[in-house]
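Asks: sequence-free structure coming up:
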């Protein structure tokens with residue numbers, strides 16, 4: 001790392017006094033100043049299994065909600081299941097651990113995520129409805145709740161069409177591109193069902209309520225997006241029409257609806273660094289963040305989270321359904337993380353929009369480097385060499401650096417509810 005960029009970081013990097021949620025926010029006030037005119041803040045992570053990332057982002061969420069007026073928390077999680085979690089966050093309905101599990105990804109079934117969700121509920125308690133923070137999922141995957149909601153609605157208003165949902169059960173757990181079909185027959189079936197709900201919306205509202213009819217239609221629209229992803233070809237890994245680009249486009253559209261439908265709303269977006277980048281990832285896949293930057297300009301702020309060394313949770317790549325396992329990695333010598341660890345000790349963040357670096361420092365910030373990037377699953381042995389290109393000041397607006405990573409802590413499996421015992425039957429059995 002050139003001396004100039006080291007000097008620039010030494011001057012402009014802001015130490016993080018704590019990673020613990022609930023700690024005083026004075027160390028985050030410069031970040032608040034940088035976000036003064038921002039509508040959407042992306043909070044990234046270079047692994048989905050680092051406890052310190054989750055706890056730091058929890059702190060930042062507290063700060064942005066309390067001090068900066070952010071009103072929506074959106075994350076890379078099931079749009080279908082998140083609607084029930086939103087009901088808990090805003091109204092206290094349901095068991096938060098069970099609802100987090102229904103998000104469908106092991107990455108969020110953690111103590112750290114439960115702490116955040118419970119904090120959101122505590123913050124909302126007693127506030128008027130208009131000031132409560134809502135919880136929104138942006139990912140079309142994992143649609144159990146939407147299938148159940150549409151089926152229940154049809155049984156009530158058009159029982160002859162309720163069986164149409166039976167052919168869509170694959171959408172409960174199917175992964176993108178797992179059922180490739182050039183004709184996308186599954187998508188056409190869902191589109192026809194959603195069209196039926198749309199065409200009869202006013203009629204059905206008279207039998208139920210306008211809100212109920214609207215909710216059913218929203219769930220059907222989630223199923224359309226999920227069916228599109230499931231039936232796309234897995235062979236196209238890059239470019240605008242790949243399944244990866246479609247997923248990021250759907251997630252960006254979900255965020256845009258939040259911003260455009262509520263002109264005063266400010267959105268916190270939680271996702272992997274790769275999704276939040278202002279450029280592309282993989283083989284030229286336009287990222288979620290690139291679409292938000294194109295649409296909202298500097299009103300979108302992408303904060304990448306990187307770490308120096310330690311451990312993190314991930315599934316082994318050859319066992320995509322297996323349990324997450326601990327993976328360890330050192331600082332290394334070639335990665336951006338190694339340079340950041342050498343430049344400034346400890347935990348800190350740097351606003352890359354800060355003007356005034358020397359020409360040499362600016363050149364480093366706008367030069368391609370390699371950084372570490374791990375998803376929900378990693379190769380068994382060679383994950384230590386898994387890097388991705390990074391142009392710091394072009395891909396992100398800020399970087400938060402955590403010196404040491406430890407594994408996120410999984411919640412125990414949620415047991416199914418025990419059905420109530422009929423006292424008459426129980427009495428009969430005892431005799």
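Replies: In hand now; what should we look at? In this text, all values refer to a predicted model and were calculated from it rather than measured experimentally.
Asks: Adjacent strands (with direction) for the longest strand along the chain?
Replies: Ranked by number of residues, the top strand in the chain under DSSP state E is strand 300-316. Its sheet considered, strand 300-316 pairs with strand 40-43 (parallel), strand 325-329 (antiparallel), strand 377-378 (parallel), strand 398-405 (parallel) by DSSP bridges.
Asks: quick one, which of those is packed in tightest?
Replies: A comparison of these by mean neighbour count, using mean count of other C-beta atoms under 10 Å, puts strand 40-43 on top with a mean of 27. For the C-beta atoms, the positions are set from N, CA and C on the backbone; glycine is no exception.
Asks: Let me see the residues that make contact with it.
Replies: 35, 57, 60-61, 64, 70, 255, 259, 266-271, 276, 289, 292, 296, 299-303, 305 (C-beta atoms under 8 Å, 6 or more residues apart in numbering).
Asks: low-scoring stretches of the chain, by residue?
Replies: Along the chain, the parts satisfying pLDDT under 70 run over 1-2, 236-238, 318, 320, 415-431.
Asks: The residue lying closest to residue 162 once chain neighbours are set aside is in what secondary structure piece?
Replies: Leaving out its chain neighbours, the residue that sits closest to residue 162 by C-beta to C-beta, 6 or more residues apart in numbering is residue 154, at 4.2 Å. Take DSSP states H and E as the rule and residue 154 turns out to sit in helix 144-157.
Asks: State the next helix or strand along the chain beyond that helix.
Replies: Downstream of helix 144-157, the next assigned helix or strand under DSSP H and E is helix 185-199.
Asks: show me the contacts for residue 56.
Replies: With contacts defined as C-beta under 8 Å, 6+ apart, residue 56 is in contact with 16, 19, 305, 347, 400, 402.
Asks: separation between it and residue 36?
Replies: 21 Å (C-beta to C-beta, to the nearest Å).
Asks: if we can go back for a sec, residue 246: which of the strands paired with strand 300-316 is closest?
Replies: strand 40-43 (19.4 Å; C-beta to C-beta).
Asks: after that closest one, next one along is what?
Replies: helix 51-68.
Asks: what packs against the next helix or strand after that following helix?
Replies: Toward the C-terminus, helix 51-68 is succeeded by strand 72-78 as the next helix or strand (DSSP H and E). Secondary-structure packing of strand 72-78 (3 or more C-beta pairs under 8 Å, 6 or more residues apart in numbering; DSSP states H and E): strand 134-139, helix 243-261, strand 267-270.
Asks: hang on, the earlier thing: buried by neighbour count, from the contacts of strand 40-43: which ones?
Replies: 35, 57, 60-61, 64, 70, 255, 259, 266-271, 276, 289, 292, 296, 300-303, 305 (16 or more other C-beta atoms under 10 Å).
Asks: if I pick residue 136, what's in contact with it?
Replies: Per C-beta under 8 Å, 6+ apart, neighbours of residue 136: 72, 73, 74, 75, 79, 82, 86, 254, 258.
Asks: The fourth one reaches residue 275, doesn't it?
Replies: No. In this structure, residue 75 is not within contact of residue 275 by C-beta atoms under 8 Å, at 10.5 Å.
Asks: who's more crowded, the two?
Replies: Taking other C-beta atoms under 10 Å, residue 75 and residue 275 do not tie; residue 275 has more neighbours (26 against 23).
Asks: So the more buried one: helix, strand or coil?
Replies: In three-state terms, and counting by DSSP: H, G, I helix; E, B strand; the rest coil, residue 275 is helix.
Asks: any idea what sits nearest it, other than its immediate chain neighbours?
Replies: Using C-beta to C-beta, 6+ apart and skipping the chain neighbours, the partner closest in space to residue 275 is residue 288 (4.4 Å).
Asks: swap in residue 317?
Replies: Closest residue to residue 317 in three dimensions, ignoring its sequence neighbours and counting by C-beta to C-beta, 6+ apart: residue 379, at 4.5 Å.
Asks: my read: the one you found touches residue 386, true?
Replies: Yes. Counting by C-beta under 8 Å, residue 379 touches residue 386, with 7.0 Å between them.
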